[in-house]
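**Student:** return a 3D structure for these sequence lines:
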Amino acid sequence: MGLDEDALDYHASDPPGKVEISTTKPTNTQRDLSLAYSPGVAAPCRKIADDPENAFKYTTKGNMVGVVSNGSAVLGLGDIGAQAAKPVMEGKGVLFKRFADIDVFDIELDQASADELVETVSAMEPTFGGINLEDIKAPECFEVETRLREEMDVPVFHDDQHGTAIISGAALLNAAEIADKDLDDLEVVFSGAGASAIATAKFYVSLGVQRENVTMCDSSGVITEDRDVNDFKAEFAQPAGEGGDLADAMAGADVFVGLSVGGIVSQEMVQSMADDPIVFAMANPDPEIDYEAAKQARDDTVIMATGRSDYPNQVNNVLGFPFIFRGALDVRATDINEDMKVAAAEALADLAKQDVPDEVVKAYGDQPLQFGSEYIIPKPLDPRVLFEVAPAVAVAAMESGVARTNLDPEQYREELEARLGKSREMMRIVINKAKSSKQRVALGEGDDEKMIRAAYQMAEEDIAEPVLLGDRDTIDGAVDALGLDFEPDVVDPDEGDHSEYADRLYELRKRKGITRSEAESLVTRDPNYLGSTMVEAGDADAFLTGLTHHYPSALRPPLQVVGTAPDADYVAGVYMLTFKNQVIFVADATVNQNPDEEVLAEVARHTADLARRFNVDPRVAMLSYSNFGSVDNEGTRKPREAARLLREDESADFPVDGEMQADTAVVEDILEGTYGFSELDGPANVLIFPNLEAGNIGYKLLQRLGGADAIGPMLVGMDKPVHVLQRGDEVKDIVNLAAVAAADAQQREE
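**Tutor:** Numbers count the residues shown, from 1 in each chain. Below you'll find the predicted structure:
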């Protein structure tokens, strides 16, 4: 099937379209309905009648955007009318929700004149916190936006004008830096003089380009003062007599901006441009010149951007409007002004210079993504755009006086991270703890690229002081190749005198079969022994390893050297699984194959302690396939006995019960309805599996089929903070475990 057929099937599958309305409050009982509607709804109505600002407190207005179009200028389709434009507007709503958690009503208006559009849209102000105008033809779009911004007290934003301007503006900032050119010296040529081109030219001036250095061409050639054009084009008219065609305009230009039609720029025209030219050929679906043709036209660097996803540097409006509105809505801005747009562009430009998460690299086919001519703007699927751009926009709104409420930028950033998932919210708790007193965290396999990038993030975000264990030359070379601006602390086994560590290892293991020479060999050849000994000796506060080792072989050295805590005989591997509105801890998923009741009880104690580090009050369920004695055999007796041991242990200051089935543990109706005698006062959030096989199967099913984010495995029961990664973990997993280890070390220190 072709793309058209696939798209038609996608939109027609039941239910038709792409959006629906869902409730955010319970509606299961008569009382729920009486609160949601009559008679309870009268109370918020009266509050809003007394003070309209209460609409933001009691309704969805503060998170609701109206996407409005008359379908007169749909990208690539032209004037297809309001009804035919509805799939596009629904799609816009999908992007708002997917990328910034903003709710949308799409509004298609069968109105052509600016007067009609302004009258209708302005009358909808009570419904929306903001208005996104879309696919309205020029020049009416200019008038509609200008008048609505004057008449309405909520932000109005015509994305066709400003979206491309902001995203390509971010690209221009970085392209000029790479080409070593100053913005105020750039000669810029535009192909196209529609709404998007004019708005982009204006925005470039806001960024620092000189207006007199902007040459704009339409289908008749260079726009000059002696030509009869509308007022919007006339703003960028060159002096009379300085006309010519696009080829004439491009000769000697530093920047070409294409917002016109495909195939109108030749290689010769690119060759006529200044050194290291910047070419933004953004016509869709076919750019003004093909990517390959432009790159091959010259021997120097052509910094190229298009509107296509199959080439580097895609100028995609989804990098802008969701996050601009997010920031504007959250400070209840009355407008989206030039300061806010510039802030968005600068935030995007800065983000492109940061290390790119593995999840983004994988989403784009594992292609290298590193700041340079092939990567001057972030990718649309980069989740960091939300908490980089939205705070920048919010701060600009506050500083420019259009915000009705103020917020703390750092706290706001954390709130935005939480919108991306419960796991980020939970990790932020631990990261903030780790930041309060930075700990020294040793990283085994320190010459692995992922470890190096993780160390950079740990240092950049002040989570911990990373120490890379590995070959210094390899690490330094990787830091340079990755473009990371930091000087890592490196412990190279081949450098210096490590005899103290060898002596300590020998002292610990001499009655376990290790000779002094073997100890020397282990600390200089095996980073797991070196790192474990550093932690044991107090030269590091925590240790992470396992990225390239099997879990048992990576765990063995820390167990031999660091050992278990004074109050522990066993260690266990715990995963924190986060769902949309729920967090559970599962153990043991990595260490103990067939634990008895005493091991299960100890694992439960350790896991409950870990839950508290995440500010979670533990409720522990000992899992089985039996409910409270419904099946009695050796297997079901172990979790039952473990629960009894914990209830009799005065140090186990948390509710615990079992044995019970998994659904009994987590479904409140089953737990309270059928088993009201249970010791648990709510669904369990700590699940102790009866053996390693069940634990490993269970957490992976929850992660893959239940859609849970998994953080871990976190090793509990060790005498000092040591964690063993899973082979192939991503950088974010390393950073998360480092934060857990640092917070643990800090707590032990206190």
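
**Student:** quick one, what contacts the residue nearest the centre of the chain?
**Tutor:** The central residue of the chain, meaning the one whose C-alpha is nearest the mean C-alpha position (CA atoms, centre = their mean), is residue 383 at 2.2 Å. Residue 383 makes contact with 357, 359-360, 420 under the criterion CB atoms under 8 Å, 6 or more residues apart in numbering. Where you see a C-beta, it was placed from the backbone N, CA and C, and this is true even at glycine.

**Student:** and it, how far is that from residue 325?
**Tutor:** Residue 383 sits 17 Å away from residue 325 when distances are taken as CB to CB, to the nearest Å.

**Student:** same thing with residue 540?
**Tutor:** When distance is defined by CB to CB, residue 540 is 45 Å away from residue 325.

**Student:** residue 530 too?
**Tutor:** Looking at residue 530 against residue 325, where the rule is CB to CB, the gap reads 51 Å.

**Student:** now do residue 434
**Tutor:** From residue 434 over to residue 325 the distance is 33 Å, taken as CB to CB.

**Student:** residue 626 now?
**Tutor:** With distances taken as CB to CB, residue 626 is found 52 Å from residue 325.

**Student:** neighbour count winner among those two?
**Tutor:** Using other CB atoms under 10 Å, the more surrounded residue of residue 626 and residue 325 is residue 325, with 27 against 20.

**Student:** phi, psi of that one?
**Tutor:** phi -70, psi -40 (degrees, to the nearest 10).

**Student:** mind listing what it touches?
**Tutor:** Contact partners of residue 325, counting by CB under 8 Å, 6+ apart, are 65, 96, 100, 102, 130, 132, 155, 157, 336.

**Student:** before we move on, what about residue 550?
**Tutor:** Under the criterion of CB under 8 Å, 6+ apart, the neighbours of residue 550 are residue 727.

**Student:** biggest separation within the contacts of residue 383, which pair?
**Tutor:** Spatially, the most separated pair among the contacts of residue 383 is 360 and 420, at 13.0 Å (CB to CB).

**Student:** where does the residue of the chain most remote from its centre land on pLDDT?
**Tutor:** In terms of distance from the mean C-alpha position of the chain, residue 241 ranks first, at 51.3 Å (CA atoms, centre = their mean). The predicted local confidence for residue 241 comes out at a pLDDT of 78.

**Student:** doesn't it belong to a strand?
**Tutor:** No - with DSSP: H, G, I helix; E, B strand; the rest coil as the criterion, residue 241 is assigned coil and is not in a strand.

**Student:** that one is in contact with residue 226, isn't it?
**Tutor:** Yes - the pair residue 241 and residue 226 passes the contact test of CB atoms under 8 Å, sitting 7.2 Å apart.

**Student:** distance of the residue nearest to the centre of the chain from residue 330?
**Tutor:** Applying CB to CB, one obtains 17 Å for the distance of residue 383 from residue 330.

**Student:** which residues in the stretch 301-450 of the chain form strands?
**Tutor:** 303-306, 440-443 (DSSP state E, counting those that start in this stretch).

**Student:** pLDDT at the nearest residue to residue 526 once chain neighbours are set aside, what is it?
**Tutor:** Leaving aside its chain neighbours, residue 526 sits nearest to residue 557 (6.8 Å; criterion: CB to CB, 6 or more residues apart in numbering). The pLDDT attached to residue 557 in the predicted structure is 93.

**Student:** same check on residue 632?
**Tutor:** Residue-level confidence at residue 632 comes out at 93, pLDDT.

**Student:** wait, is it part of a helix?
**Tutor:** No - counting by three-state DSSP, residue 632 falls outside a helix, being coil.

**Student:** contacts only, for it.
**Tutor:** Under the criterion of CB under 8 Å, 6+ apart, the contact list for residue 632 reads residue 626.

**Student:** residue 47 contacts residue 58, correct?
**Tutor:** Yes - here residue 47 reaches residue 58: they are 6.2 Å apart, a contact under CB under 8 Å.

**Student:** what sits closest to residue 58 if chain neighbours are left out?
**Tutor:** For residue 58, the closest residue by CB to CB, 6+ apart turns out to be residue 44, at 3.7 Å.

**Student:** pretty sure that neighbour contacts residue 50?
**Tutor:** No - with contacts defined as CB under 8 Å, residue 44 does not count as touching residue 50, sitting 10.6 Å away.

**Student:** so which of these two has more stuff around it?
**Tutor:** Taking residue 44 and residue 50 together and counting by other CB under 10 Å, residue 44 has the greater number of neighbours (14 against 9).

**Student:** so how far is residue 51 from that one?
**Tutor:** Distance of residue 44 to residue 51, given as CB to CB: 11 Å.

**Student:** now do residue 100
**Tutor:** 27 Å.

**Student:** cool, and residue 270?
**Tutor:** 59 Å.

**Student:** those two: which is more packed in?
**Tutor:** residue 270 (23 against 9).

**Student:** that one contacts residue 303, correct?
**Tutor:** No - the pair residue 270 and residue 303 fails to qualify as a contact (CB under 8 Å) at a distance of 11.6 Å.

**Student:** pull up the overlap in contacts between those two.
**Tutor:** 277, 279.

**Student:** would you map out the domains in this structure?
**Tutor:** Domain ranges of the chain: 3-154, 180-316, 430-561, 572-717, per automatic domain parsing.

**Student:** those domains: which one's closest to residue 747?
**Tutor:** That would be domain 572-717 among the domains of the chain, by CB to CB, at 7.0 Å.
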